[in-house]
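> fold the following, please.
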Amino acid sequence: MRLPLIIALTTLAGCGGGQRSVLPDYSEWMHAGVDPHAEAEAIAAGLVRAGYEVHARIEGETWVAIDARRGEERAIRVVTSRGAALVLDSHEADRVRLRHGEIELVPPPRAPSHDLDGDGRDEIVVARRIEGRACMLPFRIDAEGTIAPVPPEYGELADEGVCIESFRDVDENQRIEGVGVLRANALARGEVPEVEVPLELDEHHRFRVGPPPVRWSDEQRRARDEELVAALQDADPERVYRIAIELAMLSRVSGGDRDAQIAAFDGAISRVVLTEAIARDARIVREVIARGWAQPR
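Numbering: from 1, shown residues only. Okay, here's the model as predicted:
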């Protein structure tokens, strides 16, 4: 890129019948790219001068990510050869209105590697805390230093507020999954029923909800069955109610139809003597499942 530019400047300098060119020599600085580490130091120093404290710093070979905080304000900067390629702020410039909210950098789940999906490109993960949980979004860095978000695909579960809350290898097959949590808040009687939702990487290196690994599904059901036996031994109908809902949710996440989901619920709840209140709520659960988990009226 520099050689054609120098030739062009030389050609311009020769115009004018041998007169001396008044053009300055731009060839020393008109080149693509900056040193990400040096640029990050300058950006961090500027944030400190503005009253921020650098809370976390994560470095790759060709980029540096900075998490800086000033009271409740958060600032995330990711510096590549393009300079500050990703700029996220929790608040608007007036320091009152929210922009991105309570954001933070997430340490790489496969440290020391920053490559989440094994495609040879680094990802940076940013989390936003919402109602006590961290919703995570990966950003991919390409060879030119450009950063772009890789939004997960949640399918029908997106309407229920599911988001990636962690990354891990759920079935020990050396492939990392995004892990969301499906919660039945509206059906809770005290303890909220919840199940994890693995998001697998597809051929486009995008995390998406799909049929979970069979091994994982079997382990999740086995753990609920063991807990159900303990709850039945303790004659604890409230706990049985919560486990029964979770078994129905597991059936849903694993691809079971509505009849299978209701059968999973009934198979657990029918094994304990219910109070009148729990029996009423159990009827509501069946109606909710039959409506595709639409919220109870």
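> where along the stretch 151-297 of the chain do the strands fall?
Counting by DSSP state E, counting those that start in this stretch, the segments of the stretch 151-297 of the chain that form strands are 164-168, 177-183, 194-201, 207-209.
> of those, which approaches Ala290 most closely?
strand 177-183 (17.8 Å; C-beta to C-beta). In short, each C-beta sits where N, CA and C put it, glycine included.
> what does stretch 152-171 contact?
With contact meaning C-beta atoms under 8 Å, 6 or more residues apart in numbering, stretch 152-171 is reached by 109-110, 116, 125, 130, 133-137, 175-183, 196-199, 206-209, 212-213, 215-216, 293.
> first to last residue in it, what's the distance?
20 Å (C-alpha to C-alpha, to the nearest Å).
> and for stretch 170-177?
Stretch 170-177: ends 7 Å apart by C-alpha to C-alpha.
> tell me the buried residues in that stretch?
Neighbour-count burial for stretch 170-177, counted by 16 or more other C-beta atoms under 10 Å, picks out 170-171, 176-177.
> remind me which residues of the chain are low pLDDT?
1-32, 296-297 (pLDDT under 70).
> just give me the longest helix of it.
Longest helix of the chain, by residue count under DSSP state H: helix 214-233.
> so that helix versus strand 194-201, what angle?
For helix 214-233 against strand 194-201, the angle by axes from the mean of the first three to the mean of the last three C-alpha atoms, to 10 degrees is 180 degrees.
> which strands and helices sit next to helix 214-233?
Judged by 3 or more C-beta pairs under 8 Å, 6 or more residues apart in numbering; DSSP states H and E, helix 214-233 is in contact with strand 194-201, helix 237-253.
> Ser90: which of the strands of the stretch 151-297 of the chain is closest?
Across these, closest to Ser90 is strand 164-168 (C-beta to C-beta), at 19.4 Å.
> buried stuff in the strand or helix carrying Val126?
Using DSSP states H and E, Val126 maps to strand 123-130. By 16+ other C-beta under 10 Å, the buried positions in strand 123-130 come out as 123-128.
> nearest to Val64, of the residues you listed?
Nearest to Val64 among the buried residues of strand 123-130 is Ile124, at 10.2 Å by C-beta to C-beta.
> ok so, going back, quick one: the strand holding Val126 to chain centroid distance?
Chain-centre distance of strand 123-130: 5 Å, with C-alpha atoms, centre = their mean, to the nearest Å.
> and whatever helix or strand comes next after it, what does it pack onto?
Heading C-terminal from strand 123-130, the first helix or strand you meet, by DSSP H and E, is strand 133-141. Judged by 3+ C-beta pairs under 8 Å, 6+ apart, strand 133-141 is in contact with strand 73-80, strand 103-106, strand 123-130, strand 147-149, strand 164-168.
> again, only this time at 10 Å
If contacts are counted by 3 or more C-beta pairs under 10 Å, 6 or more residues apart in numbering; DSSP states H and E, strand 133-141 sits against strand 73-80, strand 83-89, strand 103-106, strand 123-130, strand 147-149, strand 164-168, strand 177-183.
> could you single out the most deeply buried of these?
strand 73-80 (a mean of 23; mean count of other C-beta atoms under 10 Å).
> relative to strand 133-141, how tilted is it?
20 degrees.
> pull strand 73-80 out as PDB, backbone CA atoms only.
The C-alpha coordinates for strand 73-80 follow below in PDB (Å, rounded to 0.1, in the frame of the first residue of the first chain):
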ATOM      1  CA  GLU A  73     -19.800   4.200  34.600                       C
ATOM      2  CA  ARG A  74     -18.100   1.500  32.400                       C
ATOM      3  CA  ALA A  75     -16.000   1.900  29.300                       C
ATOM      4  CA  ILE A  76     -14.700  -0.900  27.100                       C
ATOM      5  CA  ARG A  77     -12.200  -0.300  24.400                       C
ATOM      6  CA  VAL A  78     -10.700  -2.900  22.100                       C
ATOM      7  CA  VAL A  79      -7.700  -1.700  20.200                       C
ATOM      8  CA  THR A  80      -6.400  -3.300  17.000                       C
END
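> can you list the strands that that strand pairs with?
strand 64-70 (antiparallel), strand 83-89 (antiparallel) (DSSP bridges).
> so how far is Asp257 from the closest residue to Val195 other than its chain neighbours?
Leaving aside its chain neighbours, Val195 sits nearest to Met249 (4.6 Å; criterion: C-beta to C-beta, 6 or more residues apart in numbering). Separation of Met249 from Asp257 (C-beta to C-beta, to the nearest Å): 14 Å.
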